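**Q** Structure for this input, please:
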Amino acid sequence: MQRSHTRYLPRTWHAGATPMRGFTAIELMVVVAIMAVLAALAAPSFTPLMEGWRVRQATEALQSTIFYARSEAIKRGGNVAIQKLPNNTGGCTTATTNQDWDCGWFVCADTNGNGACDTGEPELRRYESPGNVEVSRTGGGASIELNRWGLVNGAWLGFSLVPLNKPTTNAAARGVCMSLGGRVRIIPPAAIPCTGST
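**A** Got it, this is the predicted structure:
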């Protein structure tokens, strides 16, 4: 019995079939140029959105930090402090005074009871602020001491947070306030600055 050998030939294009082809370099360059122009036109409209997002992020982090510090102070019977991070932390260079908290802040166990976070005292939580946000303490200095009731010892607590080089009337601006009774809330630009009764 003889076997028949079938030859398999590669498929070839038939006449009239369209060959596959990609984009030419010129077509790709035109598309990239159009996208660049559209991005350049859209960028300014995203600026307020980005500013608002950064301020909101820092505002919520500050409010969360205050709540956390209060709960720790109540749990530990006081001896808890919130303190600004020093200027030049993480590349931040705008926190030059005690009222400028632009670089961020941290919570510590104030073991020696002096109302500040000293070297060697346990750091409980830390937050480095996003860039391009000015965080200014309305009253007081570089540290906040919390007593055993979770309330501020000394000046009432108030902060204003605004996009870099913008006034507190800017739509993205926010304030974080803590009343004498311990109520913490976020306020809009029209209510900035905080007052002791806020």
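**Q** and E123, what does it touch?
**A** By Cβ atoms under 8 Å, 6 or more residues apart in numbering, E123 lies in contact with F106, V107, C108, C117. (Glycine included, C-beta is placed from N, CA and C.)
**Q** Tell me which residues touch the last one, please.
**A** When contacts are counted by Cβ under 8 Å, 6+ apart, C117 is found next to A81, Q83, F106, C108, D110, E123, S143.
**Q** one more time with 10 Å
**A** Neighbour list for C117: 80-84, 105-111, 123-124, 142-143 [criterion: Cβ atoms under 10 Å, 6 or more residues apart in numbering].
**Q** that older thread, what two of the contacts of E123 have the greatest distance between them?
**A** V107 and C117 (8.1 Å; Cβ to Cβ).
**Q** Mutual contacts of these two, please.
**A** Contact with both V107 and C117 is made by residues V80, A81, I82, Q83, E123, L124, according to Cβ under 10 Å, 6+ apart.
**Q** Which of the residues you listed has the largest number of neighbours?
**A** I82 (29 neighbours; other Cβ atoms under 10 Å).
**Q** what about it, helix or strand, and which?
**A** Counting by DSSP states H and E, the element that carries I82 is strand 80-84.
**Q** Could I get the average pLDDT for the very next helix or strand once past that strand?
**A** Following strand 80-84 in sequence order, the next helix or strand is strand 104-109 (DSSP H and E). Averaged across strand 104-109, the pLDDT comes to 96.
**Q** Tell me how far strand 104-109 lies from the chain's centre.
**A** Mean C-alpha position of strand 104-109 versus that of the full chain (Cα atoms, centre = their mean, to the nearest Å) differs by 16 Å.
**Q** Show me what the strand holding I82 pairs with in its sheet, parallel or antiparallel.
**A** If you go by DSSP bridges, strand 80-84 pairs up with strand 104-109 (antiparallel), strand 143-146 (antiparallel).
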